[in-house]
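J.: kindly return the folded structure for what I paste below:
(2 chains)
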Amino acid sequence: MNKKSTLKFGVAILTLICAFCAMNFALAKPSNVPLDADSAVIRTYFAPLGPNHQPSKTKQKNFQCSEQIFKVLELSEYPAGKHDLAVKWIDPSRNVREHTQYSFGVSDSGQTKLWAWLELAPAAGSSLIAWMNPAAGLEEFIGTWDVEVKINNRMVSKRQFEVIC
Amino acid sequence: MKKSNSVLLALVIAFTMTACSSGTTVSPEPINLTGLYKGTFTNTDENSTGTITLNIAESIDGTTVSGNIIFESDDTNCLSNGPITGTISGFSLALTADQINSNESGSTVSTGTLSAQLTQSNNGNNLDGTYVTANTVGLVCSNQSGSGTMNLVRS
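T.: Just a heads-up that it's a prediction; the model follows:
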């Protein structure tokens, strides 16, 4: 290999290295770029009541009529700032029973934990016959419920849980 | 006979009421946190206790709070009148307090940060949760080191 060929080979290698570095630089996500809701990680689950009025860390899908039913959202890599949460609780007859809505803040960490909860109360007079039938006055709640969660008007979760009295 | 008739009547009324009325559901929303809260803390590391006064104002957009926190420990009072900032995420409130404690001559004798994770309940009248301190320098006393619980009631 003469000097000219060696030089050409060196230039070619250098060009390849530069191209590789440029590609890596272009693909790398700079740390100061604001987080995007599209790339956020959203984990949702149902849980019963835990300590300190918070939802338990134990997931649960079947609930007794007397239990508080928590829908929990764990957000990470979420854009900092103000966001709007909307949770629709749809009963077994496909009626929207509750609509929980509130604004929440996310700090620069991009992480937060949110929840909404539902409590069922029996029909009037049912306490008198509850000794015969614990599900008295709660029949309409027994079955599969749907819960739809939207953040900033965008659907992020649609899951089901069961009420078993 | 009269007694059994009364029981039967009560059952009929109960069945009728149950059949004619429907159950109800509740799904409350978080309440504005602006207010003065008073309560107690327990430092689980040293099993010491004291009182807390938390004075906070919620921002207009409902996502942050600012204010101050006052600890009055049953032992040495290390952390007092600390300015706080916090982020509201629904029913939970994450607070951070920068604590600088000075002696009578004005010299700084202790510094540190306190992070608390509180949850609102009872229509926003209660704030309960845990706290942990970090980067403490200076005096080591009950509420300057370690972690514990807080229970506050809106006053």
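
J.: which residues of chain B fall in helices?
T.: Secondary structure of chain B (DSSP state H): helices located at B:2-20.

J.: just to check, residue A:97 is in contact with residue A:90?
T.: Yes - if you go by C-beta atoms under 8 Å, residue A:97 and residue A:90 touch, sitting 7.0 Å apart. Bear in mind the C-beta positions are built from the backbone N, C-alpha and C, glycine included.

J.: do you know the pLDDT at residue 7?
T.: Defaulting to chain A. The model reports residue A:7 with a pLDDT of 62.

J.: let me rephrase: I mean chain B.
T.: As predicted, residue B:7 sits at a pLDDT of 53.

J.: got it, and residue A:121?
T.: Residue A:121 is assigned 89 on the pLDDT scale.

J.: how many residues are close by it?
T.: The local packing of residue A:121 (other C-beta atoms under 10 Å in any protein chain shown) involves 15 other residues.

J.: for residue A:137, see how far away it is.
T.: Distance, residue A:121 to residue A:137, using C-beta to C-beta, to the nearest Å: 8 Å.

J.: mutual contacts of these two, please.
T.: residue B:23 (C-beta atoms under 8 Å, 6 or more residues apart in numbering or on different chains).

J.: ok, residue A:165 touching residue A:62?
T.: No - under the criterion of C-beta under 8 Å, residue A:165 is not in contact with residue A:62, lying 10.8 Å apart.

J.: secondary structure class for residue A:52?
T.: helix (DSSP: H, G, I helix; E, B strand; the rest coil).

J.: any weak-confidence spans in the chain?
T.: Reading this off chain A. Across chain A, the ranges flagged by pLDDT under 70 are A:1-7, A:9-11, A:13-35, A:124-134.

J.: chain B, not that one
T.: For chain B, the ranges with pLDDT under 70 are B:1-21, B:46, B:73-81, B:100-110, B:135-136, B:138-145.

J.: ranges for the strands of it?
T.: B:24-26, B:35-43, B:48-58, B:64-73, B:82-89, B:92-102, B:108-121, B:126-138, B:147-154 (DSSP state E).
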